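Engineer: Could you look at this predicted model? Sequence included:
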Amino acid sequence: MLELRAVSKRYGGVVATDDVTLDVVRGEVHGLIGPNGAGKTTLIGQISGVLPTEIGRIIFNGTDITHLPAHARVAAGLARSYQITSIFRRYSVLENLAFAVQARSGSSFRFWRPVTAERTLFDEARVIAADIGLAERENAVAATLAHGEQRALEVGLALATRPQLVLLDEPMAGMGPAESRAMLALIQRIRSRVTVLLVEHDMDAVFRLADRISVLVNGRVVASGVPAAIRNDPAVRQAYLGEELAA
Amino acid sequence: MPATLLLEQSLNGLQFGLMLFLLAAGLTLVFGIMDMINLAHGSLYMIGAYFMASFAQATGSFWLGLPLALIATAIVGALLEMSLLRRLYGRDHLTQVLATFAVILIANELVRIVWGSQPVLLNAPPELSGPITLPGGMPYASYRLAIIAVGGVVALLLYLLVAKTRVGMLVRAGASNREMAIAMGVNIRRLFTVVFALGAALCALAGAMLGPIFAVQVGMGENILILAFVVIVIGGIGSVRGAFVGALLVGVVDTSGRAFLPLFFSTFLPPQFASAAGPAVASILIYLLMAVVLYFRPQGLFPARG
Amino acid sequence: MIRAIAVFIVLAIFPLAMQAMDTMFYVSLASRILIYAIAATSLNLVLGYGGMVSFGHAAFFGAGAFVVGIMAVEGVRSVWIAWPAAVAVAGLAAFIIGALSLRTRGVYFIMITLAFAQMIYYIFVSLKAYGGDDGLSMPGRSTLGFGTLGNDLVWYYSVLAILAAVLYGLHRLVHSRFGRVIAAIRENEARAEAIGFPVYRYKLTCFVIAGAVGGLAGALIANQSSYVSPSLLHWIQSGTLMIMVILGGVGTLWGGMIGAAVLLGLEHLIADYRIGWLAALAPNYQDHGALAVGIVLLAIVMLAPEGLAGLFARTKEK
């Protein structure tokens, strides 16, 4: 579904991603791990189109999207959630999700008819809110949500665009155990409908969820394969010196 | 195109550019270090020119009036910073624009109250009021040459100050990492006031030197302020080097445009169009320049901040 | 909605009261305020709702005025031709300026809109045939083909009707799909793009609509005194419009109207105001009002709590 070919990102002398070649297969949950500063978020940025890619190619469902603008990639079925929560803070959960649904359903160059008249928009937003476990909080203003709830909304926004592939950038960032379990359950729920590229630090979660894992160190892919293979890979162990891999 | 005309316009462009640099340097430092858009910068230029006119008249001497005007304006600048402008640091740019816009309005009125609404007379010093003969036999106004000399020397001093002295180092430290500088004991508040006062003095110098050439009148600040902003946007905000290059570019383009475009147009346009089109296009030339630069380099030529 | 109707009923009765009291001057002043209300409202669309700090809005306001003025002087005085032309020209200018400027952000955007406005100012001022520095006098107000706009009462009601239409249109716009996208973009531009909105296109459209309505206001101001001053295009005018928006309420429906009323009302009230000791100190200084306006403005800006920054919910752009 997604193919990265020799994707690189250079900032002057600094190399953020280096010759990354990677495949994500339809229907899988593909984990992307690596130490801090390994270039994971940069790679996500390149795939989603926020960061321009001068070197390498990105192919999605057979189409070369390397130079496609970010919003067009969403229309093509590629969505992304952010590591640092980036939601519409002054709007309610329902309104947040409705924005995303609206983006996906018809032109918004409509200047007269009030949006509230469009029942289907908000009905669909309601469904997604329930999906991400925020049914009870659907009218709460996003800024007032607890951290875990905001992270759920963060993922919900990506899901609301009805993507085929969703890039989740550390969805469990800053979460306690209960919240992490809820997020894990959420990802388990959605995996039947959507392919997932999951960037995470929470090794427990990654090894539990992922069908395959790729490891990024200093911008390069040092290993890629099934979780068992990754766990035993010496290069990976070396990269995570001192860090515990899930036993 | 006679060589002398070309040379003369180049020198005029250089002269205007150097004076623009004096304004732009202060503006870009304030913007780069304190992250503040200061529309009242033009008002300091105006106040400097007015002080110069008064002091020159009071002392009977251009050269005595000049340092007095610089000091007076620097003091006004420092007071303005301490009383009002430092409250704007950290607020969003729109608030800064509006507040300093209000300061312009107030400054214009205060100048009217003190000096009246009529333009004030400021003359070049008598020893510089005649032409000088350049190598090659071309006459050129000696006062303009003096402006170039003063501008060039100040530019050099500014470069040495920022790049080589302890104060300059503190300024650069404050610019790149405010918190760190504070943690290391730099008195940021005093530093900002000093930077601002320095900017004010530079404005006053430009105002005083350009006074004999342009009129000293209320509102003179607004016209040149726009140019100064164009300069720092072209040069890159926060960069003194950018301000220098930008100022020379703008000075030369603007001066040459005004000098040559009417002639150029009259070669193929009927006279009534040429006489209208010339000045119009000349006026918009630098804005076109800015638009082109921003198209290729949205952050200016030498962006100081990342 | 009730509030809106109430306001407009009051505004509708107002001139009749003035006529009864034989103080028709205030009706003319009121129409002027209403025209600036339209101009400020158009800026509020792009600045308040759209979050785009355009410092060149005077360009569209003035361009609209000049189109009407120039056409009038050239013999085309019909409302039905001149006014749409003003709107079209202003909209086109907004399209070109917006297309180029919206590629920049933050202060660069502010500067480049300012620069473009200055360009337009210089172009019009250089047209000696159409007044140049002195401005352009028109033979009279635009012609309708029936009745006349020359009657101040008729003029007032015409302007009032247009203002009502503009406000209603803005109300519908804000609640439409388009309005929601603009709101999302203002709240979090990066995320708006990331959920699939082509942000640039929406911003540009918003910019053009605002410019076009600004042009309409310009057509009206030209008619107000049958005179077009180049100062309408000056960046100080842009600043004045921005102040109206800020005073009245950024991103609110009535903001432009309140701001225009407050600022112009204030200017009028203190125009003849004399500060005693100041008059004694500086006998030649006549216009105390200008100083007062500056001081009041400064006080409002400095004393408004995080309000001004808080109204722009996005993080500060650099």
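Structural biologist: Perfect, I can see it now. No experiment lies behind these values; they were computed from the predicted model shown. Residues are numbered from 1 along each chain as shown, chains lettered A, B, ... in the order given.
Engineer: Spatially nearest residue to residue B:206, not counting backbone neighbours?
Structural biologist: Using C-beta to C-beta, 6 or more residues apart in numbering or on different chains and skipping the chain neighbours, the partner closest in space to residue B:206 is residue B:22 (4.1 Å). (C-beta placed from N, C-alpha, C; glycine too.)
Engineer: need the helices for the stretch 201-306 of chain B, in chain order.
Structural biologist: Ranges of helices in the stretch 201-306 of chain B, per DSSP state H, counting those that start in this stretch, are B:220-235, B:240-266, B:271-296.
Engineer: my bad, the stretch 151-300 of chain C
Structural biologist: Under DSSP H, counting those that start in this stretch, the stretch 151-300 of chain C gives helices at C:152-175, C:177-187, C:189-194, C:199-225, C:235-248, C:255-269, C:276-281, C:288-303.
Engineer: Could you provide those in CSV, with additional columns for mean pLDDT, mean neighbour count and distance to chain A?
Structural biologist: Shown next, in CSV, are the helices of the stretch 151-300 of chain C (pLDDT from 0 to 100; neighbours: other C-beta atoms under 10 Å in any protein chain shown; distance: least, C-beta to the nearest C-beta, whole Å):
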stretch, mean pLDDT, mean neighbour count, distance to chain A
helix C:152-175, 92, 18, 4
helix C:177-187, 94, 24, 4
helix C:189-194, 93, 22, 5
helix C:199-225, 95, 25, 7
helix C:235-248, 85, 24, 19
helix C:255-269, 86, 20, 17
helix C:276-281, 66, 10, 45
helix C:288-303, 78, 18, 23
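Engineer: Over to the residue nearest to residue B:206: give its phi and psi.
Structural biologist: Here is the backbone geometry of residue B:22 (degrees, to the nearest 10): phi -60, psi -40.
Engineer: Chain C versus that one, what's the distance?
Structural biologist: Taking C-beta to the nearest C-beta, to the nearest Å as the measure, residue B:22 falls 20 Å from chain C.
Engineer: For the helix or strand encompassing residue B:7, name the packing helices and strands.
Structural biologist: Under the criterion of DSSP states H and E, residue B:7 resides in helix B:3-34. On a contact count with 3 or more C-beta pairs under 8 Å, 6 or more residues apart in numbering or on different chains; DSSP states H and E, helix B:3-34 meets helix B:41-59, helix B:142-164, helix B:166-176, helix B:188-210, helix B:220-235, helix B:240-266.
Engineer: Could you export those helices as JSON lines, including mean neighbour count and distance to residue C:100?
Structural biologist: Shown next, in JSON lines, are these (neighbours: other C-beta atoms under 10 Å in any protein chain shown; distance: least, C-beta to C-beta, whole Å):
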{"stretch": "helix B:41-59", "mean neighbour count": "25", "distance to residue C:100": "25"}
{"stretch": "helix B:142-164", "mean neighbour count": "17", "distance to residue C:100": "32"}
{"stretch": "helix B:166-176", "mean neighbour count": "17", "distance to residue C:100": "30"}
{"stretch": "helix B:188-210", "mean neighbour count": "24", "distance to residue C:100": "30"}
{"stretch": "helix B:220-235", "mean neighbour count": "24", "distance to residue C:100": "14"}
{"stretch": "helix B:240-266", "mean neighbour count": "21", "distance to residue C:100": "19"}
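Engineer: what's the least confident stretch among those?
Structural biologist: Across these, helix B:166-176 has the smallest mean pLDDT, namely a mean of 68.
Engineer: returning to that earlier point: got the angle for the helix holding residue B:7 vs helix B:220-235?
Structural biologist: Interaxial angle, helix B:3-34 versus helix B:220-235 (axes from the mean of the first three to the mean of the last three C-alpha atoms, to 10 degrees): 80 degrees.
Engineer: quick one on the thing from earlier: quick one: closest of the helices of the stretch 201-306 of chain B to residue A:25.
Structural biologist: When these are compared by C-beta to C-beta, helix B:271-296 sits nearest residue A:25, at 41.7 Å.
Engineer: Quick check: buried residues in that closest one?
Structural biologist: B:274-287, B:289-291, B:293-294 (16 or more other C-beta atoms under 10 Å in any protein chain shown).
Engineer: cool, and stretch A:95-111?
Structural biologist: Buried-residue list, stretch A:95-111, by 16+ other C-beta under 10 Å: A:95-104, A:108, A:110.
Engineer: Those: which ones sit near chain C?
Structural biologist: A:98-100, A:102-104, A:108, A:110 (C-beta under 8 Å from any C-beta of the partner chain).
Engineer: out of these, who's nearest chain B?
Structural biologist: residue A:99 (24.2 Å; C-beta to the nearest C-beta).
Engineer: Double-check that that closest one belongs to a helix.
Structural biologist: Yes - residue state for residue A:99 (DSSP: H, G, I helix; E, B strand; the rest coil) corresponds to a helix.
Engineer: could you dump the ones next to chain C among the buried residues of stretch A:95-111 to a markdown table with distance to chain B and pLDDT?
Structural biologist: Formatted as a markdown table, those follow (distance: C-beta to the nearest C-beta, whole Å; pLDDT from 0 to 100):
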| residue | distance to chain B | pLDDT |
| --- | --- | --- |
| A:98 | 28 | 93 |
| A:99 | 24 | 93 |
| A:100 | 28 | 93 |
| A:102 | 29 | 92 |
| A:103 | 26 | 91 |
| A:104 | 30 | 88 |
| A:108 | 27 | 85 |
| A:110 | 30 | 86 |
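Engineer: now for those residues, which pair is the farthest apart?
Structural biologist: So, these by C-beta to C-beta: farthest apart are A:100 and A:110, at 17.0 Å.
Engineer: who's in contact with the closest residue to residue C:202 other than its chain neighbours?
Structural biologist: Closest residue in space to residue C:202, ignoring its immediate chain neighbours: residue C:181 at 5.1 Å, by C-beta to C-beta, 6+ apart. By C-beta atoms under 8 Å, 6 or more residues apart in numbering or on different chains, the contact list for residue C:181 reads A:99, A:102-103, A:108, C:192, C:197, C:202.
Engineer: same thing but at 7 Å, please
Structural biologist: Residues near residue C:181 by C-beta atoms under 7 Å, 6 or more residues apart in numbering or on different chains: A:108, C:197, C:202.
Engineer: Tell me which residue of chain B is positioned farthest from its centroid.
Structural biologist: Distance from the C-alpha centroid of chain B peaks at residue B:270, with 36.6 Å (C-alpha atoms, centre = their mean).
Engineer: before we move on, the earlier item: reformat the helices of the stretch 201-306 of chain B as CSV; add distance to residue C:32.
Structural biologist: Output for these, formatted as CSV (distance: least, C-beta to C-beta, whole Å):
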stretch, distance to residue C:32
helix B:220-235, 24
helix B:240-266, 36
helix B:271-296, 30
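Engineer: Could you pick out the residues of chain C near chain B for me?
Structural biologist: Contact residues (C-beta under 7 Å from any C-beta of the partner chain) of chain C with chain B: C:53, C:100, C:103-104, C:107-108, C:111-112, C:115-116, C:118-119, C:122-123, C:126-128, C:235, C:239, C:242-243, C:246, C:282, C:284-285, C:290-291, C:293-295, C:297-298, C:301-302, C:308-309, C:312, C:316.
Engineer: The closest residue to residue B:138 other than its chain neighbours: neighbour count?
Structural biologist: Of all residues not flanking residue B:138 in the chain, residue B:4 sits nearest, at 4.7 Å (C-beta to C-beta, 6+ apart). When neighbours are counted by other C-beta atoms under 10 Å in any protein chain shown, residue B:4 registers 14.
Engineer: For residue B:4, give its distance to chain A.
Structural biologist: 46 Å.
Engineer: Touching, that residue and residue B:137? I think so.
Structural biologist: No - with contact defined as C-beta atoms under 7 Å, residue B:4 does not reach residue B:137; the gap is 8.5 Å.
Engineer: give me the low-pLDDT residue ranges for chain A?
Structural biologist: The model of chain A has pLDDT under 70 over residues A:240-247.
Engineer: which residue does it bring closest to chain C?
Structural biologist: Nearest residue of chain A to chain C: residue A:74, at 3.4 Å (C-beta to the nearest C-beta).
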